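1. Predicted model and sequence below, questions to follow.
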Amino acid sequence: MSRRVWRVGELIREVNSLLEQGFSGISVEGEVTNVSRSGRGHLYFTLKDETAAVDCVMWGSRAGRLKFEVEDGLAVVALGSLTVYPQRGRFQLVVEELQPQGIGALQLAFEQLKTRLAAEGLFEDARKRPLPALPQRVGIVTSATGAALSDMLKVLRRFPHVRAVVAPARVQGDGAAEEIAAALARLGGSGLVDVVIVGRGGGSLEDLWAFNEEAVARAIAACPVPVISGVGHQVDFTIADFTADVRAATPTQAAEIVVAQLEGMVRRLDEASRRLGRDLERHLHLAKARLTGLEGSSGLARVPQRIRLAAARLERAERLGPLVRRALETSKMRLAAAEAALRRVPARIAAGAQRRLLESRLGQLTGAMGRILERFRGRIAASERGLGHLSPRAVLERGYSITAVEGEDTPLRDPSRVRAGARLITTLARGILRSVAVRDGAARPRTATKGTEQPTLFDDEEPS
């Protein structure tokens, strides 16, 4: 018997037929590894356990519906069918649905987005903005047909001056997150509101899921005015609650938060009004008591007289006004006339008077300087006379002379200093004499002729 020879394509088709019959709609659990996504959105990964691994593919139409991110290490249950990829002949699991193990898909998606946005700082208290103290216009993003809108408007109507601006949006189902984000952007950028409330009534996690979408969180963070999140009931928490500036347990509480400061302001105004009324009433009673005490007193009796006196003074002041104005006008006219007359004075008169004043001052200054110079000249002349009396020249004028050895400045006081042949210089009152010593000065000179002796200039020398 001859064996059948299969073509490759025939074999793959036959295997796929058998696999589809026996392994269609199966569930496989394992750990996700080697996750990648194609440009078309197809998701490729490997599902493995301790002993084996299988390649998996999730087409883009299915992968785009996943609420959570498929990442390495995630334990999942994959629902799909086995097939062989014809071009490579590789065994793979075509996944239709993917569920995380131990936690729901939505809860996992919630935790993943919360962790990622928290890491970016979108939940930080530092970026939370305070609510306006006296909001005049309140924006509301919610369903136009839901009970939440009616509840919020009922609270806001307690203050007629508060205006509500509603931006309706779907709050559940596919596309709801995008509508909520667009409504937030519209209200925030309009400049028509002071604060925005975004929310809806209670429901399941699936019903509230639009407020867990990243698009809504980003829109809340980017809104230029403060945002209050009021989604679900007290026990419900959404990503919008963490991102908003203020979280309210319900939509009604969100509206109460907006008007709470207004109500507090109204209470404070009412209390201030009551205190003011009490103070006015007390002052009125005091004034009445004082007035009663003044009745019949001389001071009170003189009040009409004082009023008449004040009226008379006021009347005189009114009459004085025109007189003062006329006097002022007269003074102005006189000043103008004087100014005109001054302008007509010839400039040379003023210049001559100035010149005479300068000449007078110059004469006074010259005389003072002359007197100072005369005093200095007198002092100098007296000093010269004193120096003249002390000068050796004055002695020479009386017939004395000074003799010194040539080359020496010290006058001769002792003849023993003179040696034979020494050149001598004798200074007289008018000129000098030069001579030569014929012998030593120590030898006794001849006695001079009587009657011709002349005393020495110095006290300790004998006459020569």
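-> Received, thanks. Residues are numbered from 1 along each chain as shown.

2. so residue 38 makes contact with residue 44?
-> Yes. Shown here, residue 38 and residue 44 form a contact pair, counting by CB atoms under 8 Å, at 7.1 Å. No exception for glycine: its C-beta is placed from N, CA and C like everyone else's.

3. separation between residue 151 and residue 199?
-> Counting by CB to CB, to the nearest Å, the gap from residue 151 to residue 199 is 10 Å.

4. Those two - which one has more neighbours?
-> Just comparing residue 151 and residue 199: by other CB atoms under 10 Å the higher neighbour count belongs to residue 199, 32 against 18.

5. Could you point out which residue ranges in the chain have low pLDDT?
-> 1-2, 102-105, 293-303, 342-352, 354, 386-394, 442-464 (pLDDT under 70).

6. show me where the stretch 351-464 of the chain has strands.
-> 402-405, 423-428, 431-436 (DSSP state E, counting those that start in this stretch).

7. Each with direction, which strands does the second one pair with?
-> Right, strand 423-428. Strand partners for strand 423-428, identified by DSSP bridges, are recorded as strand 402-405 (antiparallel), strand 431-436 (antiparallel).

8. Quick one: distance of the longest one to the chain centre.
-> Centre-to-centre, strand 431-436 and its host chain are 101 Å apart (CA atoms, centre = their mean, to the nearest Å).

9. Ok, stretch 168-185 next?
-> 41 Å.

10. buried ones in that stretch?
-> Residues of stretch 168-185 classed as buried: 169-172, 176-181, 183-185 (neighbour count, 16 or more other CB atoms under 10 Å).

11. what helix or strand does the nearest residue to residue 56 once chain neighbours are set aside sit in?
-> Nearest non-adjacent residue to residue 56, counting by CB to CB, 6 or more residues apart in numbering: residue 93, 4.6 Å away. Using DSSP states H and E, residue 93 maps to strand 90-100.

12. Show me what the next helix-or-strand element following that strand is in contact with.
-> Using DSSP H and E, the helix or strand that directly follows strand 90-100 along the chain is helix 105-120. Here helix 105-120 makes contact (CB atoms under 8 Å, 6 or more residues apart in numbering) with 66-69, 98-100, 103, 123, 205-206, 209, 212, 214, 217, 239, 242-243.

13. could you flag which of those are buried?
-> 67-68, 98, 100, 123, 209, 212, 217, 239, 242-243.

14. Which members of the residues you listed are positioned in helices?
-> 217, 239, 242-243 (DSSP state H).

15. Show me the two of those that sit farthest apart.
-> Largest separation among those by CB to CB: 217 and 242, giving 7.9 Å.

16. how many other residues sit next to residue 401?
-> 15.

17. Correct me if wrong: it contacts residue 430.
-> No. With contact defined as CB under 8 Å, residue 401 does not count as touching residue 430 (10.9 Å).

18. Could you dump the strands of the stretch 351-464 of the chain into CSV and include mean neighbour count?
-> CSV is the format used below for those (neighbours: other CB atoms under 10 Å):
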stretch, mean neighbour count
strand 402-405, 16
strand 423-428, 14
strand 431-436, 10
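
19. Among these, which comes closest to residue 21?
-> That would be strand 402-405 among the strands of the stretch 351-464 of the chain, by CB to CB, at 160.6 Å.

20. before we move on, back to that, need the overlap of contacts for residue 151 and residue 199.
-> Common neighbours of residue 151 and residue 199 (CB under 8 Å, 6+ apart) are 250-251.

21. so how far is residue 78 from the residue nearest to residue 56?
-> 6 Å.

22. which residues do those two both contact?
-> 28, 47, 56.

23. Restricted to buried residues, select those residues in ChimeraX.
-> Applied in ChimeraX, the following selects the buried portion of the shared contacts of residue 93 and residue 78 according to 16+ other CB under 10 Å:
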select :28,47,56
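
24. Inside strands: which ones of the shared contacts of residue 93 and residue 78?
-> The members of the shared contacts of residue 93 and residue 78 that map onto strands under DSSP state E are 28, 47, 56.

25. which one of the buried ones among the contacts of helix 105-120 sits closest to residue 137?
-> residue 243 (22.2 Å).

26. Could you verify my assumption that the closest one touches residue 219?
-> No. Look at residue 243 against residue 219 with CB under 8 Å: they stay out of range, at 9.0 Å.

27. how is the protein carved up into domains?
-> Under automatic domain parsing, the residue ranges defining each domain of the chain are 8-102, 135-264, 396-436.

28. can you give me the strands in the stretch 51-200 of the chain?
-> All strands of the stretch 51-200 of the chain, identified by DSSP E, counting those that start in this stretch, fall at 53-58, 75-85, 90-100, 137-142, 163-168, 195-200.
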